[in-house]
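Engineer: Just a sequence and a predicted model for now, questions to come.
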Amino acid sequence: MLTIHNMNYQGRFYSGLMDVLGVGWMHFNMHGLEWNGMTNLLKGGIYYATLLNAVSPRYAYEITTPEFGCGLEDVIRERSGDLRGILNGVDEIEWNPRCDPHIISTYHPLNLRGKAKCKADLQRSLGLPERDVPLFGVISRLVHQKGLDVLAGVLEQMLQWEVQFVLLGSGEPWAQDFFSQIARRYPERFACRIGYDEALAHRIEAGADFFVMPSRFEPCGLNQLYSLAYGTLPIVHAVGGLDDTVINFDQQNNRGTGFKFYDLTERALLDTLGWATSVWYNHRESFEKMQRRAMTEHFSWSNAALAYAQLYADAIAKKRGLPPNSIPAVETPVRVSIQPSAILDEDEESSLPPASIPPQNAAYPNPFAPKA
């Protein structure tokens with residue numbers, strides 16, 4: 001079984017690699033490792049795997065298209081009947097505002113007082129004034145995939161609003177230089193740290209009001225999942241796992257866990273940032289309800305593990321000539337419980353339900369199967 005994490009990384013080499021691989025030149029053909037006269041390891045894996053999987057249902061569909069298939073979309077479409085999509089999981093103990101040792105105050109959906117303390121602490125630690133304004137965060141590799149060039153195109157206009165912005169990341173030199181210059185130019189509204197700092201990443205997730213992810217493509221994404229857990233509402237380009245995991249805000253029907261935009265343009269991003277800012281200022285009750293909804297979402301590895309167990313069982317069944325689901329996966333639900341008394345004040349304990357993560361049958365359907 002082959003899981004595709006990112007179609008952009010294919011292992012393309014000169015044809016002579018076949019001698020190094022030692023698998024025989026009979027596999028250097030259009031239904032094997034050959035691709036445009038080169039050796040392509042991912043292409044070979046796609047053809048030879050019993051089943052295929054992508055790290056989100058949406059990305060499983062996207063990689064069949066020219067926009068996201070990176071030249072292998074035709075190969076993926078040939079195997080579409082064997083393709084699934086399973087979301088990655090996150091460690092809901094390590095990334096949990098109820099018990100995070102990196103943040104100044106823990107909190108939970110029924111009492112967000114601790115999040116306000118985390119915001120003030122983040123502002124202080126990064127040299128921003130402690131003001132009651134929307135605080136946007138980014139933690140990212142500063143590379144083309146992540147769409148930071150689009151953010152760069154609107155950032156100065158956004159910083160004319162009554163907002164603050166923090167960024168943590170490293171990557172392409174132009175991006176590091178640009179965001180560092182913006183921090184010097186707007187010291188009361190923008191803070192930037194080049195590099196990676198695990199503790200600071202947790203504090204940004206806890207202290208920010210919004211988390212911005214304008215990715216060009218995102219097979220699954222993890223930071224939007226961390227953000228949901230911390231009540232930090234994601235603002236995302238609706239691709240891949242970002243589209244699968246973030247529910248667009250719908251005030252009329254009291255739905256949503258974040259904000260989506262569908263065209264990766266400066267106008268679309270700026271409009272969505274403005275929309276989120278407006279909700280924060282003008283619809284605070286809706287904003288806080290959305291925070292609480294976001295924090296009740298669960299994307300645990302226990303759910304993903306059940307889906308993978310069924311997928312491996314289906315791969316075995318296929319090798320034996322049996323239909324899917326004819327071999328049941330062993331379902332051993334994993335329940336994670338955090339004792340509130342260990343992490344919360346006594347007056348908060350009575351209103352807090354146990355932090356148990358309910359097991360789910362998380363086997364995602366084939367995105368290409370005909371609709372019932």
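Structural biologist: Received the coordinates, thanks. Numbers count the residues shown, from 1 in each chain.

Engineer: buried sites along stretch 259-270?
Structural biologist: 259-261, 264, 266, 268-270 (16 or more other CB atoms under 10 Å). C-beta coordinates here come from the backbone N, C-alpha and C atoms, glycine included.

Engineer: Sitting in helices, which of those do you find?
Structural biologist: Of the buried residues of stretch 259-270, the ones assigned to helices by DSSP state H are 266, 268-270.

Engineer: ranges for the helices of the stretch 1-150 of the chain?
Structural biologist: Remark: helices assigned in the stretch 1-150 of the chain by DSSP state H, counting those that start in this stretch are 17-21, 41-48, 57-62, 66-69, 73-78, 113-125, 148-158.

Engineer: Residues contacting the second one, please?
Structural biologist: This points to helix 41-48. 2, 4, 7, 9-13, 27, 31-35, 52, 72, 75-76, 79 (CB atoms under 8 Å, 6 or more residues apart in numbering).

Engineer: Could you pull up the residues touching the residue lying closest to residue 27 once chain neighbours are set aside?
Structural biologist: Excluding the flanking residues, the one nearest residue 27 by CB to CB, 6 or more residues apart in numbering is residue 33, at 5.2 Å. If you count contacts by CB under 8 Å, 6+ apart, residue 33 has them with 18, 21, 23, 27, 39-41, 43-44.

Engineer: which residues in this protein form strands?
Structural biologist: In the chain, strands defined by DSSP state E lie at 2-4, 12-13, 34-35, 38-40, 52-54, 83-85, 135-142, 164-171, 190-194, 210-213, 233-237, 259-261, listed in chain order.

Engineer: How many residues are close by the nearest residue to residue 155 once chain neighbours are set aside?
Structural biologist: Distances taken as CB to CB, 6+ apart put residue 182 closest to residue 155, at 6.1 Å, once the chain neighbours are dropped. Residue 182: 20 surrounding residues under other CB atoms under 10 Å.

Engineer: Show the model's pLDDT score for residue 182.
Structural biologist: On pLDDT, residue 182 comes in at 98.

Engineer: do residue 251 as well
Structural biologist: For residue 251, pLDDT reads 87.

Engineer: Also residue 327?
Structural biologist: So residue 327 comes in at 89 (pLDDT).

Engineer: Can you tell me how far it is from residue 320?
Structural biologist: 8 Å (CB to CB, to the nearest Å).

Engineer: ditto for residue 78
Structural biologist: From residue 78 to residue 320 the distance is 23 Å (CB to CB).

Engineer: These two: which is more packed in?
Structural biologist: residue 78 (13 against 9).

Engineer: Could you tell me how far that one is located from residue 304?
Structural biologist: Taken as CB to CB, the span from residue 78 to residue 304 is 27 Å.

Engineer: Now do the contacts for the residue lying closest to residue 144 once chain neighbours are set aside.
Structural biologist: The shortest distance from residue 144 to any non-neighbouring residue, by CB to CB, 6+ apart, is to residue 216 (7.0 Å). Each residue near residue 216 by CB under 8 Å, 6+ apart is listed here: 144-147, 237, 239, 264.

Engineer: Residue 150 too?
Structural biologist: Here residue 150 is in contact with 214, 264-266, 269 (criterion: CB under 8 Å, 6+ apart).

Engineer: which residue is nearest the middle of the chain?
Structural biologist: Geometric centre of the chain, nearest residue: residue 221, 2.2 Å, by CA atoms, centre = their mean.

Engineer: Can you check the pLDDT for that residue?
Structural biologist: In this model, residue 221 carries a pLDDT of 96.

Engineer: Neighbours of the nearest residue to it once chain neighbours are set aside, how many?
Structural biologist: Distance criterion CB to CB, 6+ apart; nearest residue to residue 221, sequence neighbours excluded, is residue 241 at 4.6 Å. Counted with other CB under 10 Å, residues neighbouring residue 241 total 27.

Engineer: just the one 4 residues further on next, same as before
Structural biologist: Applying other CB under 10 Å, we find 25 residues neighbouring residue 245.

Engineer: Mind pulling up the pLDDT for it?
Structural biologist: At residue 245, pLDDT is 97.

Engineer: what do you get for the one 3 residues further on?
Structural biologist: In this model, residue 248 is scored at 98, pLDDT.

Engineer: ok, it - contacts?
Structural biologist: 238, 256, 258-260.

Engineer: before we move on, back to that, of the contacts of residue 216, select the buried ones using a ChimeraX command.
Structural biologist: In ChimeraX, a selection of the buried entries from the contacts of residue 216 looks like this (16+ other CB under 10 Å):
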select :146,147,237,239,264
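
Engineer: Surely residue 62 is in contact with residue 242?
Structural biologist: No: Residue 62 lies out of contact with residue 242 (CB atoms under 8 Å); the separation is 11.2 Å.

Engineer: what number of residues lie near residue 272?
Structural biologist: 22.

Engineer: Now it. Nearest residue, chain neighbours left out?
Structural biologist: Closest to residue 272 by CB to CB, 6+ apart is residue 261, at 4.2 Å.

Engineer: CA atoms only: put whichever helix in the chain runs longest into CSV for me.
Structural biologist: Taking DSSP H as the criterion, the chain has its longest helix at helix 301-319. Presented in CSV, the C-alpha positions along helix 301-319 are these (Å, rounded to 0.1, in the frame of the first residue of the first chain):
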residue,chain,number,x,y,z
TRP,A,301,-4.5,9.5,15.4
SER,A,302,-6.9,6.9,16.9
ASN,A,303,-9.4,7.7,14.2
ALA,A,304,-6.8,7.7,11.4
ALA,A,305,-5.4,4.4,12.7
LEU,A,306,-8.8,2.7,12.4
ALA,A,307,-9.0,3.9,8.8
TYR,A,308,-5.5,2.7,8.0
ALA,A,309,-6.2,-0.7,9.6
GLN,A,310,-9.2,-1.2,7.3
LEU,A,311,-7.2,0.0,4.3
TYR,A,312,-4.5,-2.6,5.0
ALA,A,313,-7.2,-5.2,5.5
ASP,A,314,-8.6,-4.2,2.1
ALA,A,315,-5.2,-4.5,0.5
ILE,A,316,-4.8,-8.0,1.8
ALA,A,317,-8.3,-8.9,0.5
LYS,A,318,-7.4,-7.5,-2.9
LYS,A,319,-4.3,-9.7,-3.1
